[in-house]
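Below are the sequence and a predicted model; questions follow.
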Amino acid sequence: MKRHYILFLAFVFALNLNAQMPDGTVVPDFTTTDLDGNTHNLYEYLEQGKTVILDVYAVWCPPCWSYHQTHALEDAYKEFGPEGSDNLVIMGIEGDASTSVSSIWTGAGNSLGDWTEGISYVMVDDASVASLLEIGYYPTIYKICPVDKTIYEIGQLSLDAIANQVFDTDCMPPANNIDVGFAGIADSPELCPGESTDLSVEVINLGSETVQQYSVKVYNPAGDLVAQAPFVGNHYTYQKKTVNLGAYTATGNDDLTYVIDLNNDEADVNNTRNKSINSAPTAQGNTINLELKTDFYGFETYWYVTDDNGMTVASGGNEVVGPDGGGVNVASSSDPTAYENNELYNIEIELPSSDIACYEFIIVDDNNDGICCGDGSGYYELTDNSGNVLLTGGQFEMEMSDRFGAGAPVATSNVELVNTLAVYPNPVVDRLNVAFEMDKTNDIEISIMNMLGQQVRSLGMNTFAAGAQVVELDVNNLQPGIYFVSLQNENGISTRKFTVSK
Ligand SMILES: [Ca+2]
Ligand SMILES: [Ca+2]
Ligand SMILES: [Ca+2]
């Protein structure tokens with residue numbers, strides 16, 4: 001059953017005189033300005049052949065907020081907006097003239113929260129649009145068809161039901177005969193270099209003809225084909241298909257390009273999309289530092305770090321809380337290992353592995369209210385020995401967990417061996433120049449390490465005279481990816497990162 005929120009009781013009679021726009025009415029045009037200051041004209045979008053969905057809501061309206069939090073519109077926008085098939089425009093329109101624009105993102109006043117969080121479609125604060133569209137209650141969710149600019153109230157739909165509304169040939173006839181396009185690329189979890197994930201994409205047939213064969217290909221930044229899969233079968237107009245591309249192993253440089261290969265496709269613009277594999281933050285070396293500030297209830301806090309096998313490799317705080325104590329309310333300030341209140345702790349964590357490995361940091365709160373911000377301002381910050389911040393936070397409920405990698409080669413040592421060091425070209429295809437300058441003659445080993453800290457090439461120990469030097473390294477046989485050049489001897493080390501591309 002639809003739940004609607006009456007604007008104000010006093011308006012009910014007026015609303016009866018001026019009810020919602022009847023389905024099938026030609027919508028009046030409007031131009032509005034979004035929260036970022038960009039203007040949007042309704043008819044312009046419709047004339048581009050795009051379906052428009054308008055979610056007219058008020059910041060204080062509970063059913064509006066419930067629906068907003070399902071993220072169904074955002075999910076639809078990801079698949080069918082400009083990052084996907086590019087057939088859909090969505091505008092979230094705050095329609096109450098009495099609420100301030102800032103209440104949309106601050107949750108101030110009687111607003112129910114930050115309405116912009118996680119939202120990439122257009123958001124506006126425009127009561128004049130609400131009145132132009134004769135809104136009788138919140139939320140009113142309209143669809144407008146590009147074919148004839150007619151408006152329909154669609155209500156609070158799921159992602160699949162929204163897809164059916166958008167991909168309706170009467171409302172939005174196909175612009176081409178032969179045309180498939182992307183309708184979303186699955187998000188990957190955060191990966192450390194060397195870890196794998198399964199790639200998959202959604203493809204939609206946007207043409208009027210059934211398509212029977214195409215392939216999806218994935219390229220890495222160097223242009224190498226790293227995954228591909230064919231589709232064979234009947235792919236009907238406006239039908240969506242999932243194409244599984246198999247496992248992909250992360251290298252640390254995973255800005256992938258996805259391409260659909262279909263003979264005679266009449267609209268190439270929707271056949272290419274870019275999407276990166278998300279990399280977990282990775283520490284240089286195996287020593288990390290946890291800075292932990294407790295709130296006014298330090299005894300509620302426990303944290304631990306697990307390795308890839310789920311084994312705990314470090315932990316601290318109140319063991320009465322422990323890994324399973326989130327929200328359990330069993331702890332007290334007299335527990336033997338309880339942290340003090342409102343205290344800053346600096347904890348050095350030595351991780352076991354010397355190669356890059358993945359870990360998970362988990363912080364647990366006995367009272368289900370985190371370490372910020374109700375009772376003090378606690379936080380945690382995980383850094384590596386070079387000062388790179390890996391993870392930070394504090395606002396959570398019973399538990400917060402996040403992944404990080406550790407064991408990447410330390411890029412700079414305490415003692416720089418040479419005065420200057422530059423590598424070029426970067427990215428490099430076959431020959432890398434290593435330019436450096438020293439005050440005195442030195443015996444130096446020049447070598448190349450991969451992301452796992454393994455030496456993949458070495459020139460051995462050679463004597464270099466004082467002054468400026470350029471050494472050319474052949475990197476033709478290296479796989480595309482990130483590497484480090486290292487110049488070292490017993491007195492120090494200097495390293496630089498570079499990328500091999502093909
Ligand atoms: Ca408003
Ligand atoms: Ca196409
Ligand atoms: Ca707490």
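Arrived safely. Ligands and ions are numbered 1, 2, ... in the order given.

Spit out the contact partners of residue 172.
Residue 172 is in contact with 49, 50, 51, 87, 145, 146, 147, 166, counting by CB atoms under 8 Å, 6 or more residues apart in numbering. The way it works is simple: take the backbone N, C-alpha and C, and place the C-beta from them, glycine included.

Ramachandran angles for it?
Backbone torsions of residue 172, given as degrees, to the nearest 10, read phi -140, psi 80.

Restricted to strands, list the contacts of residue 172.
Members of the contacts of residue 172 lying in strands (criterion: DSSP state E): residue 51.

quick one, phi psi at residue 450?
Taking degrees, to the nearest 10 as the convention, residue 450 sits at phi -90, psi -180.

For it, grab the count of nearby residues.
22 (other CB atoms under 10 Å).

Buried ones only from the contacts of residue 172, please, as a ChimeraX command.
Remark: buried members of the contacts of residue 172, expressed as a ChimeraX selection using 16 or more other CB atoms under 10 Å:
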select :50,51,87,145,146,166
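
If I look at residue 184, what pLDDT would I see?
The per-residue pLDDT reported for residue 184 equals 86.

Output the contacting helices and strands for the helix or strand hosting it.
Using DSSP states H and E, the element containing residue 184 is strand 180-185. Using 3 or more CB pairs under 8 Å, 6 or more residues apart in numbering; DSSP states H and E, the elements in contact with strand 180-185 are helix 72-80, strand 196-205, strand 255-261, strand 272-276.

What is the nearest of the contacts of residue 172 to ligand 2?
Closest to ligand 2 out of the contacts of residue 172 is residue 87 (11.6 Å), distances taken as CB to the ion.

Please work out which residues outside the strand or helix carrying residue 485 touch it.
If you go by DSSP H and E, residue 485 is part of strand 481-489. Residues from elsewhere that reach strand 481-489, judged by CB under 8 Å, 6+ apart: 193, 251-253, 409, 411, 413, 417-418, 421, 423, 432, 434, 436, 442-451, 456, 461, 473, 475, 493-500.

helix, strand or coil for whichever residue of the chain sits closest to ligand 1?
Here the residue of the chain nearest ligand 1 is residue 99; by CB to the ion that distance is 3.9 Å. Under the three-state scheme (DSSP: H, G, I helix; E, B strand; the rest coil), residue 99 adopts coil.

and it, how many residues sit next to it?
19.

could you list every residue that touches the residue lying closest to it once chain neighbours are set aside?
The shortest distance from residue 99 to any non-neighbouring residue, by CB to CB, 6 or more residues apart in numbering, is to residue 59 (5.2 Å). Applying CB under 8 Å, 6+ apart, we find residue 59 in contact with 94, 96, 99, 103, 104, 107, 109, 110, 111, 112, 115.

hmm, try it at 7 Å
94, 99, 103, 104, 111, 112, 115 (CB atoms under 7 Å, 6 or more residues apart in numbering).

out of the residues you listed, who's nearest ligand 3?
If you rank these by distance to ligand 3 using CB to the ion, residue 112 comes first, at 23.6 Å.
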